[in-house]
Structure formats: structure tokens, C-alpha cells
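Peer 1: what's the 3D shape of this:
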Amino acid sequence: MSELAVLVGAAVLYTVVAMWATQPPYTCAMVYEPHRQLDLERDVDREHLAGDAAAIGRMARRYARHGAGSVSVVTQCEETLARNLTTTHEVSLSQVRTAIAAAER
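Peer 2: This next block holds a predicted model:
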């Protein structure tokens, strides 16, 4: 029974360390994603863009909370992340802004 407890404890410790190591950074940067053009006619690509847009809002707010914390910092970070997303997925800035606005509702 004690061997099982040690194994379970080691598994829990490993899980906690892995979650800590893979948490998003407190920088104004998205988690790396390879370049892939999105076709917004496809449901899966629209959902992907919606997920990225929601992440932009979360990342910008997290960055502001651990930094200066002003509204302008959030806005600047969102703009930077949105521009990076346009390059990564070859979508327009207006499409990204529309997705961000929809994610905030």
C-alpha cells in the first residue's frame, strides 16, 4: 500500500510541476502556434479564431495585472497580440477585432 501512495504522490507532484511549467507567460505574447492560414468559411477555423481572440483578452488582462495595470497597457497589448494573430493565421485585423469583440460579450 505504501508503494502505491508514493506513486500517487509522485504523479500528483509531476502534474503540478508540469502545469506550472506550461502556464502562459506574464508577457504580452501568445503561446507559440505555427503559421497556418485560416479559412473562415470553415467552422473549425472560425472556432479557432474565436478561441485565439478570447485568449488575447485574457493574456492582455493578465499582463496588465502583473505589470503597470492601466487600461492603456491592456489596449496596447491587445493590439500587439491582434497584429501577431493576423500574421500567424493570415486573417485581417478587422476580422480579429470582430472576433475579440464577440469573445468579450
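Peer 1: number of residues surrounding residue 96?
Peer 2: Residue 96 is flanked by 23 other residues according to other C-beta atoms under 10 Å. Just so you know, the C-beta spots here come from the backbone N, C-alpha and C atoms, and that holds for glycine as well.
Peer 1: any idea how far the closest residue to it other than its chain neighbours is from residue 59?
Peer 2: In this structure, residue 96 finds its nearest non-sequential neighbour in residue 82, 4.6 Å apart by C-beta to C-beta, 6 or more residues apart in numbering. For residue 82, the distance to residue 59 (C-beta to C-beta, to the nearest Å) stands at 11 Å.
Peer 1: ok, residues contacting the top helix by length along the chain?
Peer 2: Longest helix in the chain, counting residues (DSSP state H): helix 43-65. With C-beta atoms under 8 Å, 6 or more residues apart in numbering as the test, helix 43-65 has contacts from 24, 26-31, 33, 38-40, 70-71, 73-75, 77-78, 81-82, 85, 89, 91, 95-96, 99-100, 102-104.
Peer 1: state the distance from residue 79 to residue 96.
Peer 2: In terms of C-beta to C-beta, residue 79 sits 10 Å off from residue 96.
Peer 1: correction: residue 62
Peer 2: Taking C-beta to C-beta, one finds residue 62 at 19 Å from residue 96.
Peer 1: neighbours of residue 105, how many?
Peer 2: 4.
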